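1. return a 3D structure for these sequence lines:
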Amino acid sequence: MLTTNANQGLPEAAALLKKGTGWFIAIAVLFILLGLFAIAEPFVAGLGVTLLVGWLLMIGAVAHFIAAFKGGGAKHVIMQALVGLVYLIAGGYFLAHTIMGVSTLTLLLGSVILVEGVLELAAYFRLRSTGGSWWLLVNGLVTILLGGLIWFHWPSSTVWAIGTLVGVNLLMTGIARLMLGLAARKLASQI
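-> Numbering: from 1, shown residues only. The predicted model follows:
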């Protein structure tokens, strides 16, 4: 049915948008608080991340075991069962030896960040004639520095690395979501 008033229904939409942004802003504040906590207590946050990874690996193991017996031949069953077994062992390791798990994850994180930095530098050298490519150089150098700090100070970097990085990520995610929610709320009030 066509209406002659184009603004009919806008107040209801604005009210719904305002209600939705309230939840969005509340979740953003929760992310900010969690991020601040993780930065203040990085080792506790690192333990939490390790437990999360352990449980995700256990859930992945169950999924692979279920997938193994859904058909596809003997090769499929064997491969899925082996992957499930690896996930089960890794998840059990992280859950049973949480502190060692944080240490292992920290060393892995440092290695991944170092490799990422080297790849960023390689991308810079391939694209150095392109405008703005110097950002790749800066990013690569900072990434190598961060990866080196984590890797070369391991195992002492175990205490701060994962928790701090997760905390900074949660904090930045919360701030970005908060700004987006406030902008949406301002837009809703203009309707």
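2. next, count neighbours for G147.
-> 20 (other CB atoms under 10 Å). In short, each C-beta sits where N, CA and C put it, glycine included.
3. sorry, slip of the keys, the one I care about is W135.
-> Neighbour count of W135, defined by other CB under 10 Å: 10.
4. so who does it touch?
-> Not one residue lies near W135 by CB atoms under 8 Å, 6 or more residues apart in numbering.
5. what are the buried residues along the helix or strand harbouring it?
-> Using DSSP states H and E, W135 falls within helix 134-152. By neighbour count on 16 or more other CB atoms under 10 Å, the buried set for helix 134-152 is L136, L137, N139, G140, T143, I144, L146, G147, I150, W151.
6. please apply the same query to stretch 79-99.
-> Along stretch 79-99, these residues count as buried under the neighbour rule (16+ other CB under 10 Å): Q80, V83, G84, Y87, L88, A90, G91, Y93, F94, L95, T98.
7. one more: stretch 50-63?
-> Result for stretch 50-63 [16+ other CB under 10 Å]: buried residues T50, V53, G54, L57, M58, G60, A61.
8. nearest to G117, of these?
-> G117 has its nearest neighbour among the buried residues of stretch 50-63 in V53, at 22.9 Å by CB to CB.
9. now name the helix or strand holding the closest one.
-> Secondary structure from DSSP H and E places V53 in helix 42-68.
10. next SSE after that helix?
-> Note on helix 42-68: by DSSP H and E, the next helix or strand toward the C-terminus is helix 73-96.
11. what's the burial count for G22?
-> Quick note: G22 (other CB under 10 Å) scores 12 neighbours.
12. need the contact list for it.
-> G22 neighbours (CB under 8 Å, 6+ apart): R185.
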